[in-house]
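Engineer: just the structure for this:
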Amino acid sequence: MSKLFSDLGINQSLQQSLADLQISVPTDIQEKAIPVVLNNKEDLVALAKTGTGKTAAFGLPLLQLIDVENTSVQAVILAPTRELGQQIHSNLVSFASHSSAISVASVCGGIPIKPQIERLKTATHVVVATPGRLVDLINRGAINLKNVAYLVLDEADEMVSALKDDLDLIIKEIPKSRRTLLFTATMPGAIKQLVQNYMSKHVIQVEADMSTMGHQGIDHHYVVVEPIEKLEVLLHFLNSKEGQRGIIFCKTKAAVNKLAKNLAINKFSSGALHGSLSQGIRDRIMGQFREGFIDILVATDLAARGIDVKEIAYVVNYHLPDTYDAYVHRSGRTARAGAKGLSLTILQQEEVVDIADFEQELGIVFNEFKKADAQSIEENNGLLWAKKIFKTKPNREVSEDFKAKIKTIFHHLTKEELVDKILANYLAQTGTETLTPEVTKKTKKK
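Structural biologist: Numbering: from 1, shown residues only. Reported below is the predicted structural model:
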C-alpha cells in the first residue's frame with residue numbers, strides 16, 4: 001500500500017498545501033528522502049533522475065524544519081540555472097501557502113541585483129540561488145550566511161562541472177556544522193569528489209528506483225539519416241506531431257539559432273533558448289512555451305535545465321549528446337508526472353555504434369525509428385509549402401487596381417481548380433515530377 005505524506009512525518013500545514021496542489025501520494029525519492037531529512041542529522045546524497053519529484057523531496061522537510069522565530073537565512077538551495085531556480089522557488093512558495101510565517105527568496109542571475117539586495121534586508125528563511133549571483137551578493141556584503149543550517153545542491157552533477165569555483169567560494173562562507181543535501185541524477189567522478197571534500201564522513205545515500213523511475217513512460221528511439229536529409233527528416237517528424245509540445249536539443253548555440261531559423265521559415269511555432277540570450281528574452285520564450293503559445297523549444301543542454309512542463313510529448317536529440325548524463329537530463333523533460341513520452345535521437349551512420357553503450361550504461365532499450373521514405377518527405381515538403389502560403393499575411397500595400405486585375409485572371413476558376421494549378425506550379429518549380437507512386441512508375445518507364 002502506498003504511503004501518504006503524513007506517514008513520512010510531514011505536518012498538517014504542508015499537507016494542506018499539497019492537497020491544494022492535488023498531490024497526494026509521495027514518489028519513490030520522496031518516500032526515501034523526506035524521513036532522512038526530518039529525522040536524521042547526517043548529510044544526504046539522493047540519486048534520482050529528473051522528473052521524479054526531487055524538489056518536494058528536499059523542499060517539504062526543509063520548510064518544516066525552519067525556525068520561523070529566527071529571521072536569519074537558515075537554508076540555501078543552489079541550482080545551476082535561473083530557470084531551475086525559479087521553478088524551485090515557485091514550488092516552495094506553493095508548498096508554504098498555508099505556512100505564511102515562512103519567507104522564501106529567489107536570488108538568481110540575469111535580472112537586476114538591487115531589488116534582490118532590498119529583499120534580503122527583510123526576514124528571509126530560505127534562499128534559492130544560482131551560484132554566480134550568490135557569490136556577487138556575498139562579495140557585496142548583501143547576504144549573511146553565518147547561520148545557514150542546510151545547504152541543498154540540486155542538479156549537482158551539472159553544477160559541479162560548470163560552476164565549481166563559485167561553489168567552492170559559497171561553501172567556505174557557510175558554517176561547517178551545516179547539513180548538506182545533495183540531489184543528483186548521475187554520480188560522475190566530480191560529484192564523488194565533492195562528497196569527499198565537502199560532506200561529512202557519515203553520509204546517508206538514498207536512491208530512487210533507477211531501473212524504472214528515470215525512464216518510466218519514455219520510448220527511446222533513434223533514426224539514421226544522411227547529413228543532407230537530416231533537416232527534412234526532422235521537419236517530417238515535427239509535422240506528424242503538430243499541436244503537441246516538444247523540445248529539440250542541439251550541442252551548440254550556433255546550431256540552436258540555425259535550426260530555430262529553419263523552423264521559423266517553415267512556419268513552425270517555435271523559440272530558441274541558449275545562454276547567450278538575455279534573461280528577458282529567455283523568460284519571454286519560456287513563458288510562451290509554458291502557456292502553450294509556442295509548441296517547440298530549440299535549446300542547448302544547460303539552458304533547458306529547470307524546464308518542468310508537464311505536457312511535453314517528445315524530445316528530439318538533433319545531435320547525439322556527449323555524455324550519458326546529458327541524455328538522462330534531455331529525455332527526462334518528457335514523460336513527467338506519470339505521462340508518456342518519446343525521445344528521438346537523430347544519428348548519422350557512424351554514430352549508430354554508440355547506441356549500445358548508451359543502452360548498457362543507462363539500462364534502457366532503443367528501437368529504430370522508421371525513417372520517412374522519399375515520397376513521404378516530398379509530400380511533407382509540399383504540405384510545409386502550403387502552410388507557408390496559408391500563414392502568409394496579406395500585403396496591404398498592393399493597390400486595389402492591381403488586385404482587381406489579378407482577381408480577373410482567376411475569377412472563373414473554382415477553388416479546386418485554383419489549388420490544382422498552384423500545386424502543379426509548385427511541383428514544376430521544385431522539380432518534383434509527381435507525388436503519386438503510380439505516375440512515378442510511368443515516368444521512370446519513359
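Engineer: what about residue 271, neighbour count?
Structural biologist: 23 (other CB atoms under 10 Å). C-beta: built from backbone N, CA, C; applies to glycine.
Engineer: what does residue 94 give?
Structural biologist: Using other CB under 10 Å, residue 94 is surrounded by 16 other residues.
Engineer: pull up the gap between the residue nearest to it when sequence neighbours are not counted and residue 95, please.
Structural biologist: Sequence neighbours aside, residue 21 is the residue nearest to residue 94 in space, at 6.0 Å (criterion: CB to CB, 6 or more residues apart in numbering). Using CB to CB, to the nearest Å, residue 21 is found at 8 Å from residue 95.
Engineer: between the two, which one's more packed in?
Structural biologist: Set side by side, residue 21 and residue 95 show more neighbours around residue 95, with 26 against 13, by other CB under 10 Å.
Engineer: what's the more buried one in contact with, if anything?
Structural biologist: 14, 17, 18, 21, 56, 59, 60, 63 (CB atoms under 8 Å, 6 or more residues apart in numbering).
Engineer: how about 10 Å then?
Structural biologist: Residue 95 makes contact with 10, 13-14, 17-18, 20-21, 23, 55-56, 59-60, 62-64, 102, 104, according to CB atoms under 10 Å, 6 or more residues apart in numbering.
Engineer: and residue 390, what are its phi and psi?
Structural biologist: phi -60, psi -40 (degrees, to the nearest 10).
Engineer: check whether residue 294 really touches residue 247, as I assumed.
Structural biologist: No: applying CB atoms under 10 Å as the test, residue 294 and residue 247 come out as separate, 11.2 Å apart.
Engineer: of these two, which one has the most company?
Structural biologist: The residue with more neighbours, out of residue 294 and residue 247, is residue 247; 22 against 17, by other CB under 10 Å.
Engineer: which one is the more buried one nearest to, not counting chain neighbours?
Structural biologist: Residue 247 sits nearest to residue 297 (CB to CB, 6+ apart), 4.7 Å away.
Engineer: check contacts around that neighbour.
Structural biologist: Applying CB under 10 Å, 6+ apart, the residues near residue 297 are 245-249, 256, 260, 270-273, 285-286, 288-289, 303-304, 307, 309, 312, 315, 333.
Engineer: which phi and psi values does residue 76 adopt?
Structural biologist: phi -120, psi 130.
Engineer: same check on residue 354?
Structural biologist: Phi and psi for residue 354, reported as degrees, to the nearest 10, are phi -70, psi -20.
Engineer: all strands for the chain, in order.
Structural biologist: Assigned strands in the chain, in chain order: 44-47, 75-78, 104-107, 126-129, 150-153, 179-184, 204-207, 218-224, 245-249, 270-273, 296-299, 312-317, 341-347, 366-368 (criterion: DSSP state E).
Engineer: helices of the stretch 101-250 of the chain, residue ranges please.
Structural biologist: 114-119, 131-139, 156-173, 189-198, 230-240 (DSSP state H, counting those that start in this stretch).
Engineer: of all those, which one is nearest residue 33?
Structural biologist: For the helices of the stretch 101-250 of the chain, proximity to residue 33 was assessed by CB to CB; helix 156-173 is nearest, at 13.9 Å.
Engineer: residues touching residue 79, list them.
Structural biologist: Taking CB under 10 Å, 6+ apart, one finds 55, 85-89, 106, 108, 128-131, 152-156, 158-159, 305-306 in contact with residue 79.
Engineer: quickly list the domain ranges of this protein.
Structural biologist: Under the assignment automatic domain parsing, the domains of the chain span 12-207, 218-374, 393-445.
Engineer: for the longest one, what is the average pLDDT?
Structural biologist: This predicted structure assigns domain 12-207 an average pLDDT of 90.
Engineer: one more: the second one?
Structural biologist: Averaged across domain 218-374, pLDDT comes to 87.
Engineer: what's the burial count for the residue nearest to residue 295 when sequence neighbours are not counted?
Structural biologist: Spatial nearest neighbour of residue 295, excluding adjacent residues (CB to CB, 6+ apart): residue 269 at 4.6 Å. Neighbours of residue 269 under the rule other CB under 10 Å: 17.
Engineer: I'd guessed residue 269 sits against residue 296; true?
Structural biologist: Yes: using CB under 10 Å, residue 269 makes contact with residue 296 at a distance of 6.5 Å.
Engineer: shared neighbours of the two, anything?
Structural biologist: With CB under 10 Å, 6+ apart, residue 269 and residue 296 have common neighbours 245, 263, 289.
Engineer: now these in a markdown table, with distance to residue 201 and neighbour count?
Structural biologist: Listed next are the shared contacts of residue 269 and residue 296 as a markdown table, based on distance: CB to CB, whole Å; neighbours: other CB atoms under 10 Å:
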| residue | distance to residue 201 | neighbour count |
| --- | --- | --- |
| 245 | 45 | 20 |
| 263 | 51 | 22 |
| 289 | 44 | 23 |
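Engineer: format those as JSON lines; extra columns: distance to residue 222.
Structural biologist: Listed next are these as JSON lines, based on distance: CB to CB, whole Å:
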{"residue": "245", "distance to residue 222": "21"}
{"residue": "263", "distance to residue 222": "21"}
{"residue": "289", "distance to residue 222": "25"}
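Engineer: in JSON lines, list the helices of the stretch 101-250 of the chain along with distance to residue 367.
Structural biologist: Shown next, in JSON lines, are the helices of the stretch 101-250 of the chain (distance: least, CB to CB, whole Å):
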{"stretch": "helix 114-119", "distance to residue 367": "47"}
{"stretch": "helix 131-139", "distance to residue 367": "39"}
{"stretch": "helix 156-173", "distance to residue 367": "27"}
{"stretch": "helix 189-198", "distance to residue 367": "31"}
{"stretch": "helix 230-240", "distance to residue 367": "15"}
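Engineer: of all those, which one is nearest residue 322?
Structural biologist: Using CB to CB, the helices of the stretch 101-250 of the chain put helix 156-173 closest to residue 322, at 11.5 Å.
Engineer: follow-up on the earlier one: generate a ChimeraX selection restricted to the buried subset of the contacts of residue 95.
Structural biologist: Per 16 or more other CB atoms under 10 Å, the buried members of the contacts of residue 95 correspond to this ChimeraX selection:
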select :10,13,14,17,18,23,55,56,59,60,62,63,64,102,104
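Engineer: buried residues in stretch 373-390?
Structural biologist: In terms of neighbour count (16+ other CB under 10 Å), stretch 373-390 has its buried residues at 377, 378, 379, 380, 381, 382, 384, 385.
Engineer: the second one and residue 235 touch, don't they?
Structural biologist: Spelled out, it's residue 378. No: contact between residue 378 and residue 235 fails when scored by CB under 10 Å: they sit 11.9 Å apart.
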